[in-house]
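In: Mind looking at a prediction? Sequence and model below.
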There are 2 protein chains.
Amino acid sequence: MMPHDSVNHGNAKAVVLLSGGLDSATCLAIAKNQGYQCFGLSFDYGQRHYSELHAAARVAESMQLARHMVIRIDMSGIGGSALTDMSLAVPEHKTAGIPITYVPARNTVFLSYALAWAEVLKANSIFIGVNALDYSGYPDCRPEFIAAFEHMANLATRVGLEGSQLKIQIPLMQMNKADIIKTGLSLGVDYSLTVSCYQADAEGHACGRCDSCRFRSKGFSEAGVVDPTRYQHR
Amino acid sequence: MMPHDSVNHGNAKAVVLLSGGLDSATCLAIAKNQGYQCFGLSFDYGQRHYSELHAAARVAESMQLARHMVIRIDMSGIGGSALTDMSLAVPEHKTAGIPITYVPARNTVFLSYALAWAEVLKANSIFIGVNALDYSGYPDCRPEFIAAFEHMANLATRVGLEGSQLKIQIPLMQMNKADIIKTGLSLGVDYSLTVSCYQADAEGHACGRCDSCRFRSKGFSEAGVVDPTRYQHR
């Protein structure tokens, strides 16, 4: 249940993708616990759940990052997702196949920026909180995608040319939501700071009905701990 | 010398990365000549040579693209390159190793956005005018990088999950600058519209001294054609 090793990585640097949600907060706690000096990276991509970014800032502050950077990216011209296109509704029931909340190539774009920053910082790791079990059916959350990105990343950069290796670290990949929550709690994560909902309101209150809310709520229930999520209608 | 095949790809769509320079204009002409419906993609990334974007718009107009999109991306917070950091000087002589004009992970970031757009458009190709011969020593211009990106891209997306394949097309990879120019001229490219200089002025006049200018000038000379570049000091 505890996927974080106990090796201390001293002053090694890591870029940690930080969405403001439960998974990335846990991922950050694991990276910190491994001794990495952590650089948090968040994206303002016109997401419907904008309160995620406020949550990311709260998490970054509570975990005392070396730096937290928010990069504004514009995927609205590209379209194609309910998370960035306000004319598409977020589904509130389980749907077949890849859901409409999938943002095309989102993790590829996010990891590409993380790669650029890692290269400048001379960081040897990028942490991303993707998860193959409780995920929503997104192709870019699969372990084979991450392995392919890592291979590409080591050919893309100066670091790769000079022979050192960049790792894309995915400590949550094989954990279920309950295990993620238990791990995070053991490392002191305050989940009341996090927002997972696809359509949270401006204050970060969750809808309780979207895929992301349902996975999260089930996770707290299965972990046997109180759900600290602030919901809209309770 | 003519790397463009004569197969007509009918209504197949392609996203073509368009910098405003000589290589990408040629790459676009090749894609059009192969029958692709072309969607041009340019980036406003705070580049020093901003007149590139005006050139990209002129090229897009002259070649009658299905659409030309400019995405604003912010790599200034990441730093590390003379092309985005005004405190670093662009070198005017050949330098050893990877030059300071290298923007960390730039092609990875550019191709990631192209991938997102290709997925939404259901385009089966992305064209990028990278070149292994006359390039400036950038790691992300090598054929092995492109192959790794293509592999990753097909795992990253809905398209890949559904079994169809996306190709990253690199028609210029093995051509020298003179061959690129001869090919472009045979396809009707007007190189006077293009700007290659790393430090062109606001009107697109080239310095004639940076790496990019020197490769370009040598190309016209070796192709035995008149150089239509507008220089600053002539």
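Out: That came through, no problem.

In: Could you list the low-pLDDT ranges of chain A?
Out: A:1-8, A:10, A:47-49, A:80-102, A:134-137, A:159-163, A:233-234 (pLDDT under 70).

In: can you map out the strands along it?
Out: Counting by DSSP state E, chain A has strands at residues A:13-17, A:37-44, A:67-72, A:125-127, A:167-169.

In: Which secondary structure elements does the longest one sit against?
Out: This points to strand A:37-44. If you count contacts as 3 or more Cβ pairs under 8 Å, 6 or more residues apart in numbering or on different chains; DSSP states H and E, strand A:37-44 packs onto strand A:13-17, helix A:22-33, helix A:51-62, strand A:67-72, helix A:106-121. Glycine gets a C-beta too; all of them are placed from N, C-alpha and C.

In: now do the first one
Out: With contacts defined as 3+ Cβ pairs under 8 Å, 6+ apart, strand A:13-17 has these neighbours: helix A:22-33, strand A:37-44, helix A:106-121, strand A:125-127.

In: Now do it and helix A:22-33, the angle between them.
Out: 170 degrees (axes from the mean of the first three to the mean of the last three Cα atoms, to 10 degrees).

In: what residues does strand A:13-17 touch?
Out: Outside strand A:13-17, the residues that touch it by Cβ atoms under 8 Å, 6 or more residues apart in numbering or on different chains are A:24, A:27-28, A:31, A:36-42, A:65-66, A:110-111, A:114, A:117-118, A:121-129, A:169.

In: rewinding a little: ok, which of the helices and strands packed on strand A:13-17 comes nearest A:Y231?
Out: Of all the helices and strands packed on strand A:13-17, helix A:22-33 sits nearest to A:Y231, with 14.5 Å by Cβ to Cβ.

In: Can you spell out which helices and strands pack onto that closest one?
Out: Counting contacts by 3+ Cβ pairs under 8 Å, 6+ apart, helix A:22-33 is packed against strand A:13-17, strand A:37-44, helix A:51-62, strand A:125-127, helix A:177-186.

In: In CSV, list these along with mean neighbour count.
Out: Shown next, in CSV, are these (neighbours: other Cβ atoms under 10 Å in any protein chain shown):
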stretch, mean neighbour count
strand A:13-17, 25
strand A:37-44, 23
helix A:51-62, 21
strand A:125-127, 25
helix A:177-186, 21
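
In: Adding distance to B:R58, write those out as JSON lines.
Out: Conversion of those to JSON lines gives the following (distance: least, Cβ to Cβ, whole Å):
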{"stretch": "strand A:13-17", "distance to B:R58": "37"}
{"stretch": "strand A:37-44", "distance to B:R58": "31"}
{"stretch": "helix A:51-62", "distance to B:R58": "37"}
{"stretch": "strand A:125-127", "distance to B:R58": "38"}
{"stretch": "helix A:177-186", "distance to B:R58": "51"}
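
In: quick one: which of these is nearest A:Y198?
Out: helix A:51-62 (9.4 Å).

In: Using CSV, write down the CA coordinates of the closest one.
Out: Provided in CSV are the C-alpha atoms of helix A:51-62 (Å, rounded to 0.1, in the frame of the first residue of the first chain):
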residue,chain,number,x,y,z
SER,A,51,-11.3,26.5,-8.4
GLU,A,52,-8.8,23.7,-9.0
LEU,A,53,-6.1,26.3,-9.4
HIS,A,54,-6.9,27.9,-6.1
ALA,A,55,-6.7,24.5,-4.6
ALA,A,56,-3.3,23.9,-6.3
ALA,A,57,-2.0,27.1,-4.7
ARG,A,58,-3.3,26.1,-1.2
VAL,A,59,-1.7,22.7,-1.6
ALA,A,60,1.6,24.2,-2.8
GLU,A,61,1.7,26.5,0.2
SER,A,62,0.8,23.9,2.7
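
In: Tell me what angle it forms with strand A:37-44.
Out: Orientation check (the same axes, to 10 degrees): helix A:51-62 against strand A:37-44 gives 160 degrees.

In: which residues touch helix A:51-62?
Out: Counting by Cβ under 8 Å, 6+ apart, A:18-21, A:24-25, A:28, A:40, A:42, A:44, A:47, A:68, A:70, A:190, A:193-195, A:200-204 sit against helix A:51-62.

In: try 6 Å this time
Out: For helix A:51-62, the surrounding residues in contact (Cβ atoms under 6 Å, 6 or more residues apart in numbering or on different chains) are A:18-20, A:25, A:40, A:42, A:44, A:68, A:193-195, A:200, A:204.

In: May I see the PyMOL selection of the buried members of those residues?
Out: Entered in PyMOL, the line below selects the buried ones among the contacts of helix A:51-62, by 16 or more other Cβ atoms under 10 Å in any protein chain shown:
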select buried, chain A and resi 18+19+20+25+40+42+68+193+194+195+200+204
